[in-house]
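Participant: fold the following and give me the result.
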Amino acid sequence: MRWGFLAVSIPALLAAGCTSGHRSAIHAVLTASGRIGPLQIDRSTRADVIAFAGRPDVERRGVEYDATPYIALGYACSSKPNDDAFPVLETPGTGRTGPYCKTVFWVNRRTRRLGDFYTSSVRYSERHGVRIGMPTAAAEHLLHQRVYVGCEENLGIGLLTVAFDGGVGRKTSGLPGLRLVGGHVYAFAVDGRRSAIGMFDCL
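Facilitator: Presented below is the predicted three-dimensional model:
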């Protein structure tokens with residue numbers, strides 16, 4: 001399964017390009033408390049994100065559900081759709097989507113703080129050692145949780161969500177629901193509290 005992408009409105013392109021400014025040596029550990037390397041969800045600013053990750057490929061303004069204005073900073077972006085990349089902008093009524101970015105930081109324009117985060121980049125990993133591409137069973141072992149099939153196949157750890165793809169749902173004796181067998185980790189997401197934009201379904 002993939003993230004359910006929510007449409008945005010009132011877009012305004014600030015900057016665009018497809019040559020990544022993402023620093024090549026970057027590696028960041030994600031935590032349940034909302035840490036993204038040196039950044040902290042609900043506290044870090046746009047300037048903090050750029051100081052950490054470098055100049056973004058794209059920077060766009062939007063309003064989620066006509067309610068929460070944001071700035072999206074996208075890294076490792078392409079004009080072509082990719083299953084693991086997040087469409088930074090969907091423009092209702094135009095039929096246009098994208099660009100599609102491997103990593104996106106959303107800054108709440110009201111609080112001016114980092115509100116949401118998504119990545120499918122191998123430059124990020126979870127603090128227990130869960131990483132992009134890791135088999136589901138290995139991630140379950142590290143996190144001491146089981147993945148079940150639902151709206152999407154995710155594990156929640158505080159503010160952090162680990163998303164899975166592939167595999168099949170199977171009934172396990174004595175356990176409720178369908179357990180995901182096979183598959184792998186394909187993305188991480190962090191959803192803030194007071195500065196949350198609300199970019200994700202099924203978290």
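Participant: how about the spatially most central residue of the chain, secondary structure?
Facilitator: Among the residues of the chain, the one closest to the centroid is residue 118, at 1.6 Å (CA atoms, centre = their mean). Following DSSP: H, G, I helix; E, B strand; the rest coil, we place residue 118 in the strand state.
Participant: now do residue 140
Facilitator: helix.
Participant: hmm, the residue nearest to the centre of the chain is touching residue 186, no?
Facilitator: No - the pair residue 118 / residue 186 is not scored as a contact, 11.1 Å apart, by CB atoms under 8 Å. Every residue, glycine included, has its C-beta placed from N, CA and C.
Participant: and the residue nearest to the centre of the chain, how far is that from residue 146?
Facilitator: 23 Å (CB to CB, to the nearest Å).
Participant: ok so, going back, which residues are in contact with the residue nearest to the centre of the chain?
Facilitator: 3, 86, 103, 104, 187, 188, 189, 199, 200 (CB atoms under 8 Å, 6 or more residues apart in numbering).
Participant: helix or strand for residue 137, which one?
Facilitator: Using DSSP states H and E, residue 137 maps to helix 136-143.
Participant: give me the pLDDT for the closest residue to residue 40 other than its chain neighbours.
Facilitator: Leaving out its chain neighbours, the residue that sits closest to residue 40 by CB to CB, 6 or more residues apart in numbering is residue 34, at 6.0 Å. Residue 34 carries a pLDDT score of 97 in this model.
Participant: count of neighbours near residue 34?
Facilitator: Using other CB atoms under 10 Å, residue 34 has 21 neighbouring residues.
Participant: kindly report the same for residue 201.
Facilitator: 11.
Participant: and what of residue 38?
Facilitator: For residue 38, using other CB under 10 Å, the count is 10.
Participant: how close does the nearest residue to it once chain neighbours are set aside sit to residue 144?
Facilitator: Counting by CB to CB, 6+ apart, the nearest residue to residue 38 once its immediate chain neighbours are dropped is residue 52, at 5.7 Å. As judged by CB to CB, residue 52 and residue 144 stand 30 Å apart.
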